[in-house]
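A.B. asks: Make a model of this:
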Amino acid sequence: MNSVNLEERENLCKTIAFFFSPPEVETVEEFRKMGGLTFFQEAFTSLGGSSLFPDGTPPLGELQTFSANWIDEYGRLFSGLNGHGVSLVESFYKSWTLDPECHLSFAREKGLLQGDSALHVSALYRHCGMEVADEFKSCPDHLAVELEFLSFLYQWATDREIKIFIADHLDWVPLLKQELSRFQPHPVYAMVLELLDFFLTREKERLMIL
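C.D. replies: Have a look, this model is predicted:
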């Protein structure tokens with residue numbers, strides 16, 4: 001396995017967070033300036049992977065199609081309009097609460113927001129003096145926010161604290177991959193999520209001895 005340094009881990013988390021945030025016209029242009037898919041392929045290789053792409057090179061046609069339709073594709077996949085779509089929120093994939101003192105009828109149900117994970121990450125953000133952007137106030141455990149926080153941890157926290165956060169709050173990424181596959185996403189989204197899952201797996205291996 002190849003190695004990536006602390007700054008590269010921090011930058012990768014920040015970039016994937018940016019990628020799973022609601023895009024705007026300026027976002028698309030910024031993505032092009034970053035190098036587009038080449039950035040993700042280079043990160044995948046640095047982590048010890050081979051290629052995110054079937055023929056080993058970024059598919060130019062797919063990249064152009066994605067850039068042109070990114071805003072619409074994000075809306076189709078993640079807006080949740082009409083009760084359909086893929087959730088990017090941790091609480092959705094876990095029991096609403098595991099508090100034995102909570103006797104609400106829906107306490108152990110999944111598919112809800114503002115569950116235990118949302119309360120816990122909110123407390124972590126406050127402890128670290130971090131503010132959640134207005135668009136994520138109702139879902140502080142959104143993937144983009146959690147990855148921004150992980151990027152922050154790489155800069156300021158210990159490996160042990162990073163290990164705990166990944167185990168507690170990013171263990172649902174494989175479930176997100178399964179859910180996303182049901183909606184036939186643009187290949188670019190599938191590739192980036194594959195990279196994230198691969199990165200987190202590598203990080204768990206690196207941090208296993210702690």
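A.B. asks: what's the neighbour count on residue 30?
C.D. replies: Using other C-beta atoms under 10 Å, residue 30 has 12 neighbouring residues. C-beta here means a position set from N, CA and C on the backbone, and glycine is covered the same way.
A.B. asks: low-scoring stretches of this protein, by residue?
C.D. replies: The chain contains residues with pLDDT under 70 at 1-2, 35, 54-63, 81-83.
A.B. asks: Quick one: residues contacting the spatially most central residue of the chain.
C.D. replies: The centre of the chain sits closest to residue 143, judged by C-alpha atoms, centre = their mean, with a distance of 4.1 Å. By C-beta atoms under 8 Å, 6 or more residues apart in numbering, the contact list for residue 143 reads 17, 20, 88-90, 173, 176.
A.B. asks: Now with 10 Å, please.
C.D. replies: 16-17, 19-21, 78, 87-90, 169-170, 172-173, 176, 193, 196 (C-beta atoms under 10 Å, 6 or more residues apart in numbering).
A.B. asks: Now do the helices in the protein.
C.D. replies: 6-19, 25-33, 37-46, 60-78, 116-127, 143-156, 159-169, 173-181, 187-206 (DSSP state H).
A.B. asks: I'd like those helices as CSV, with distance to residue 100 appended.
C.D. replies: Output for these, formatted as CSV (distance: least, C-beta to C-beta, whole Å):
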stretch, distance to residue 100
helix 6-19, 34
helix 25-33, 43
helix 37-46, 41
helix 60-78, 33
helix 116-127, 12
helix 143-156, 26
helix 159-169, 19
helix 173-181, 24
helix 187-206, 28
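A.B. asks: The residue nearest to the centre of the chain and residue 108, how far apart?
C.D. replies: Residue 143 is 23 Å from residue 108, where distance means C-beta to C-beta, to the nearest Å.
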